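Student: the sequence and its predicted three-dimensional model are supplied below.
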Amino acid sequence: MTDHIVKSYDDEQRRLLNETLRMGEMAASQLEAALDVVQRRDDKAAERIIANDEAIDALEQEISHDVMKLALRGPMARDLRQILAAIRIAADIERIGDYAANVAKRSLALNLSPALPHIAGLHAIGTLAVKQVRDVLAAYRDGDIEAAKRVRASDIDIDSAYTSLFRELLTYMMEDARSITGCTHLLFMAKNIERIGDHATNIAENIWFLEKGDEQLPPREKRDGTNTASTP
């Protein structure tokens with residue numbers, strides 16, 4: 001962070017960064033908790049996670065307010081990138097929180113069906129997503145573009161795991177029609193987690209923008225093969 005002549009501006013920038021990091025950790029913790037309630041089939045805990053999503057939404061509004069205050073201070077070019085990146089990153093974090101809450105909501109419906117062995121696969125994808133979110137928050141905190149690039153590249157692992165689980169669930173549904181309802185809920189939950197990975201990747205790209213401006217990133221490989229996936 002560049003020091004400014006007016007100390008209050010630096011203080012506001014640090015407050016904005018800290019608020020964004022706190023919001024991101026809340027979202028990561030929400031996802032961890034959602035994965036836990038899926039495994040434990042705990043309806044009451046799921047309802048608490050759903051209710052907690054409002055706190056993330058409220059913090060995004062607070063961040064937006066702080067961003068507007070900074071924008072009115074006549075920022076320089078680097079500051080403008082920081083303001084724009086903060087708005088985008090807060091929006092991505094808010095969506096991550098939404099997807100985590102969606103997983104918890106789906107768990108309530110999933111619990112009405114018999115337990116499925118594929119929950120372990122869902123938890124594995126979720127664990128990758130939690131790590132991706134926490135790693136990208138650390139990269140944002142440290143202004144570390146190399147770490148941000150690693151996070152961006154790691155999204156391929158989530159895509160691959162998601163595609164594998166997608167095919168596995170389709171095969172299971174074809175073999176046992178009684179599993180269709182439960183497997184459908186798991187498919188939606190897995191897609192929510194895959195989208196969390198995409199939003200973490202967006203954050204990584206905004207870190208690059210913050211540090212490098214309009215300099216282009218190389219194309220990113222994707223391995224979500226579910227649009228063309230065929231069952232074995």
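Tutor: Sure, I can see it. Worth saying up front: this structure is predicted, and the values here are computed from it rather than measured. Numbers count the residues shown, from 1 in each chain.
Student: when you work out contacts or count neighbours from here on, use the C-alpha atoms and nothing else.
Tutor: Will do.
Student: against which helices or strands is whichever strand or helix holds Ser107 packed?
Tutor: Using DSSP states H and E, Ser107 sits within helix 77-110. Here helix 77-110 touches helix 7-40, helix 43-71, helix 180-212, going by 3 or more Cα pairs under 8 Å, 6 or more residues apart in numbering; DSSP states H and E.
Student: you'd agree Thr201 is up against Arg152?
Tutor: Yes: using Cα atoms under 8 Å, Thr201 is in contact with Arg152, at 4.9 Å.
Student: which is the succeeding secondary structure element to the helix holding Ser107?
Tutor: Immediately after helix 77-110, counting by DSSP H and E, sits helix 119-142.
Student: that next one vs helix 7-40, what angle?
Tutor: 170 degrees (axes from the mean of the first three to the mean of the last three Cα atoms, to 10 degrees).
Student: return helix 119-142 as PDB; C-alpha atoms alone will do.
Tutor: Extracted C-alpha coordinates of helix 119-142, given in PDB (Å, rounded to 0.1, in the frame of the first residue of the first chain):
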ATOM      1  CA  ILE A 119     -21.000 -36.900   0.100                       C
ATOM      2  CA  ALA A 120     -17.300 -37.700   0.500                       C
ATOM      3  CA  GLY A 121     -16.600 -36.500  -3.100                       C
ATOM      4  CA  LEU A 122     -18.600 -33.300  -2.400                       C
ATOM      5  CA  HIS A 123     -16.500 -32.700   0.700                       C
ATOM      6  CA  ALA A 124     -13.300 -33.100  -1.300                       C
ATOM      7  CA  ILE A 125     -14.300 -30.500  -3.800                       C
ATOM      8  CA  GLY A 126     -15.400 -28.200  -1.000                       C
ATOM      9  CA  THR A 127     -12.000 -28.600   0.800                       C
ATOM     10  CA  LEU A 128     -10.300 -27.500  -2.400                       C
ATOM     11  CA  ALA A 129     -12.500 -24.500  -2.700                       C
ATOM     12  CA  VAL A 130     -12.000 -23.400   1.000                       C
ATOM     13  CA  LYS A 131      -8.200 -23.500   0.400                       C
ATOM     14  CA  GLN A 132      -8.500 -21.600  -2.800                       C
ATOM     15  CA  VAL A 133     -10.500 -18.800  -1.100                       C
ATOM     16  CA  ARG A 134      -8.100 -18.600   1.900                       C
ATOM     17  CA  ASP A 135      -5.100 -18.600  -0.400                       C
ATOM     18  CA  VAL A 136      -6.500 -15.800  -2.600                       C
ATOM     19  CA  LEU A 137      -7.300 -13.700   0.500                       C
ATOM     20  CA  ALA A 138      -3.700 -14.000   1.600                       C
ATOM     21  CA  ALA A 139      -2.500 -13.000  -1.800                       C
ATOM     22  CA  TYR A 140      -4.800  -9.900  -1.600                       C
ATOM     23  CA  ARG A 141      -3.600  -9.000   1.800                       C
ATOM     24  CA  ASP A 142       0.100  -9.300   0.800                       C
END
